[in-house]
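Sequence plus predicted model, see below.
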Amino acid sequence: MKIKYVVFSLLLLAAGILAACGGSSSSSGFSQTFTTSAGAGEVLQFSVDTTAMTYSYKVVQSSYGVTLGQTSTGSLFGKTAIGSYTVGASSDGFIQGGVVFPVQNGLLVGHVQISLIGGAAKIPVFGVSNPITTLPGLAGTYNYEGFGCGVKSGGNVLGAFGCLSHYGTIKVDPAGTTFTVCKGGNISAVTPACTTNSAGTIVATATPGVFDFVKTGTGHIGWFLAFTAPNGQKVAVIDHDDIYTPAFGHSVASSQVAMVSGAADGNYFTRNNWGMAGLLTVSGTNFTDVIAATSGTLALNTPWTGLATYTYNTPAAASGVAMIAGTGAFTDNSTSAPSLFGVGLRY
């Protein structure tokens, strides 16, 4: 039963996230490159051509010793009505398969299977198009949700790797050169004040749009990627390859903006780090999971602005936290499954 709840929790989240500016895939073909975090400590440039039904990848950063700059191509097939695609094996065999949902000039979510990293494990991916390339462009206060594993899990979050989900807030200074993280709390709140802060610097790299997250007192802990949505809201991804904590995985961050009832109404494509897929329908503060045949409610802007606590009505009570993430993206964590982290996009 827990797995059933987990599938639904992933779907729930969709509600809040897409509120900002619902994403949708183009009805006609398009070409787009997404700077992408694979949730195992890897950064890829993943390009799709939905007219030619092809894709290519390039390794930008790697925790697994993959040669930087490695690149290859493969085929897309099996397009669905909502605009998701099955990913075929790349010609070099590095990518074995997967499913992705790309939005033109927006975001990309899904799963990929990478032979040298996780074998058959379905590694969650989250990518941004047209990434921010200047440090001041990163400035702002973000909510975030994500997960980390105590060793290089290769995407096998259900293995014995001490994987846990998390949420909190991040503040990036106006110059975009320093950050402060409040894990599990709201950095904007005076009371209660954050007690689990950490801080560091942000440094540009040779790859435009990929920034180095450097924690004060230790060193490099991850790669920061960000995107500005048409409504001005920022969405970011932190690819964790932190050897100090340790933590390998990724987090999705979004500008801290209040959720509004009704703005998230619609249907959502979802994937999670347990390798599961889902579809969710949201109406106001109610949701229905058409796969798990469950339903529930959302308490908006709790535990703080921009987040939502969700609770199942049926078949039994369970709960978690969801987050808005502009352009129709969402994330969620589940209290009933501590390692679960889900992402999705409205279609």
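Arrived safely, thanks for sending.

Point out where the stretch 201-347 of the chain drops to low pLDDT.
Counting by pLDDT under 70, the stretch 201-347 of the chain shows low-confidence ranges at 291-292, 314-318, 324-327.

Look at A14 and report its pLDDT.
For A14, the pLDDT comes out at 34.

Same question for V43.
pLDDT, V43: 96.

pretty sure it is touching F224, no?
No: contact criterion CB atoms under 8 Å: V43 and F224 do not qualify, at 10.1 Å. For the C-beta atoms, the positions are set from N, CA and C on the backbone; glycine is no exception.

Give the residues shared as contacts by the two.
V210 (CB atoms under 8 Å, 6 or more residues apart in numbering).

Most distant residue from the centre of the protein?
Farthest-out residue of the chain from its mean C-alpha position, per CA atoms, centre = their mean: T191, at 28.6 Å.

For burial, what's the neighbour tally of A199?
Neighbour count of A199, defined by other CB atoms under 10 Å: 12.

Then the one 3 residues further on?
By other CB under 10 Å, the residues close to I202 number 19.

which residues sit in contact with it?
Per CB under 8 Å, 6+ apart, neighbours of I202: 135, 138, 172, 176-179, 211-214, 224.

and which of those is nearest to G200?
Closest approach between these and G200, by CB to CB: V214, at 5.0 Å.

Report the beta-bridge partner residues of that closest one.
Beta-bridge partners recorded for V214 (DSSP bridges): T201, H220.

got a list of what it touches?
If a contact means CB under 8 Å, 6+ apart, then V214 has 200-203, 220-221 as its contacts.

Let me know the helix or strand that L298 is in.
Using DSSP states H and E, L298 maps to strand 294-300.

For that strand, buried residues please.
Buried positions in strand 294-300, judged by neighbour count with 16 or more other CB atoms under 10 Å: 294-298, 300.

what residues are up against the residue lying closest to A189 once chain neighbours are set aside?
Computed as CB to CB, 6 or more residues apart in numbering, the closest residue to A189 that is not its neighbour in sequence is W304, at 6.7 Å. When contacts are counted by CB under 8 Å, 6+ apart, W304 touches 143, 186, 188-189.

Stretch 126-135: which residues count as buried?
For stretch 126-135, burial by neighbour count (16+ other CB under 10 Å) applies to 126-129, 131-132, 135.

if you look at those residues, which of them are in strands?
Using DSSP state E to define strands, the subset of the buried residues of stretch 126-135 located there is 126-129.

hang on, the earlier thing: of the buried residues of strand 294-300, closest to A337?
For the buried residues of strand 294-300, the minimum distance to A337 (CB to CB) is 14.4 Å, reached by T294.

Which residues does that closest one form beta bridges with?
Where T294 sits in a bridge, its partners, by DSSP bridges, are D289.

Next, T302: secondary structure please.
coil (DSSP: H, G, I helix; E, B strand; the rest coil).

Contacts only, for S75.
53-55, 88.

ok, of those residues, which come out buried?
The buried subset of those - by 16+ other CB under 10 Å - is 54-55, 88.

Same list, the residues you listed, but as CSV with distance to S336, secondary structure and pLDDT please.
Converted to CSV, those look like this (distance: CB to CB, whole Å; DSSP: H, G, I helix; E, B strand; the rest coil; pLDDT from 0 to 100):
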residue, distance to S336, secondary structure, pLDDT
T54, 40, strand, 98
Y55, 35, strand, 98
G88, 35, coil, 97
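
any chance of the residues you listed in JSON lines, plus distance to P246?
Listed next are the buried ones among the contacts of S75 as JSON lines, based on distance: CB to CB, whole Å:
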{"residue": "T54", "distance to P246": "36"}
{"residue": "Y55", "distance to P246": "31"}
{"residue": "G88", "distance to P246": "33"}
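
Mind checking which of the contacts of I202 are buried?
By neighbour count, with 16+ other CB under 10 Å, these hold 135, 138, 172, 176-179, 211-214, 224 as buried.

Now, those residues that are in helices?
Residues of the buried ones among the contacts of I202 located in helices (DSSP state H): none.

For the strand holding L298, name the packing helices and strands.
Under the contact definition 3 or more CB pairs under 8 Å, 6 or more residues apart in numbering; DSSP states H and E, strand 294-300 sits against helix 2-17, strand 286-289, strand 307-314.

So which bits of stretch 151-162 are buried?
Applying 16+ other CB under 10 Å to stretch 151-162 flags 152-157, 161 as buried.

mean confidence for that stretch?
Averaged across stretch 151-162, pLDDT comes to 75.

Just the endpoints, please. Distance across that stretch?
Start and end residues of stretch 151-162 are separated by 8 Å (CA to CA, to the nearest Å).

next one: it to chain centre, how far?
Remark: stretch 151-162 is offset 17 Å from the chain centroid, using CA atoms, centre = their mean, to the nearest Å.

And for stretch 249-264?
11 Å.

What is the neighbour count of S47?
As a burial measure, S47 scores 18 neighbours (other CB under 10 Å).

what does L108 give?
Residues near L108, counting by other CB under 10 Å: 22.

One more: I243?
So I243, with other CB under 10 Å, has 14 neighbours.

Tell me how far it lies from A206.
Noted for I243: a distance of 21 Å to A206, by CB to CB, to the nearest Å.

Report all helices and strands that whichever strand or helix holds V43 contacts.
Per DSSP H and E: V43 is located in strand 42-49. Judged by 3+ CB pairs under 8 Å, 6+ apart, strand 42-49 is in contact with strand 31-38, strand 54-62, strand 95-102, strand 107-114, strand 123-129.
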